[in-house]
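**Student:** output the structure for:
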Amino acid sequence: MSGEFIELKRECEAIEIPSGIHRFLPARTLVRIAQFLGTGYTVVSDFGCMYRVDGKDADALGLALPAAHDQAPIAASFREPMVWDQLRTVYDPEIPVNIADLGLIYSCEITALAEGGKRINIKMSMTAPGCGMGNVLKADVESKLSKLPEVKEVNVEVVLDPPWHPGLMSDAAKLQLGFDMDYGSPGYGSAPYTRSSR
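**Tutor:** Here you go, the predicted model:
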């Protein structure tokens, strides 16, 4: 993304990162787009605060609505890989890797309901305890999975035990973020991942 600041064209709803607090950014606020992944923009204001702006508010940034924003899956019948495909469209707003490859999904259980349809139970974690974005990412997952065919119920629980660490990331995520491929493997002596912003 460009490192140049742009002026918001109108008032815009945003979520402060990492607190998760909902804010309204006034028109003419200067922001720089740090990344666009999934359905949201991560922006940094000229006074250094970081926010997530939903793709539906792209016009406030002077951009066209993303083509893929809120499109439902095309397939007519449910298949388990569809769940993981949807999870890979949800991104941590500070790290350019989806939550599945980050290793934040601890369990995914799919059960058939007696009255027909599917229930999906997800246990997921955060990269740091106390992260205010937990409910935001939880809502993203619930929204994405509820759009799948035949899915009637989605339950997402955010858990912090065991704590997340970089060893849970996929090899692709480790490569993307510049981690040693053996980092977090048994015997490597990895320490829990921490970031000063959370």
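**Student:** what's next to the lengthiest helix in the chain, contact-wise?
**Tutor:** If you go by DSSP state H, the chain has its longest helix at helix 134-146. Outside helix 134-146, the residues within contact range by CB atoms under 8 Å, 6 or more residues apart in numbering are 15, 20, 38-39, 52, 83, 86-87, 89-90, 92-93, 99, 104, 120, 122, 124, 126, 151, 154, 156, 158. C-beta: built from backbone N, CA, C; applies to glycine.
**Student:** ok, which stretches of this protein are helices?
**Tutor:** Under the criterion DSSP H, helices of the chain are mapped to 80-87, 134-146, 171-177.
**Student:** least reliable of the ones you listed by average pLDDT, please.
**Tutor:** Ranked by mean pLDDT, the helices of the chain end with helix 171-177 at the bottom, a mean of 90.
**Student:** please compute how far that helix lies from its chain's middle.
**Tutor:** 16 Å (CA atoms, centre = their mean, to the nearest Å).
**Student:** could you dump it to PDB, C-alpha only?
**Tutor:** Only the C-alpha atoms of helix 171-177 are listed here, as PDB (Å, rounded to 0.1, in the frame of the first residue of the first chain):
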ATOM      1  CA  ASP A 171       5.200 -22.900   7.100                       C
ATOM      2  CA  ALA A 172       3.800 -20.400   4.500                       C
ATOM      3  CA  ALA A 173       3.000 -17.900   7.300                       C
ATOM      4  CA  LYS A 174       6.500 -18.400   8.800                       C
ATOM      5  CA  LEU A 175       8.100 -17.700   5.400                       C
ATOM      6  CA  GLN A 176       5.900 -14.700   4.800                       C
ATOM      7  CA  LEU A 177       6.800 -13.100   8.200                       C
END
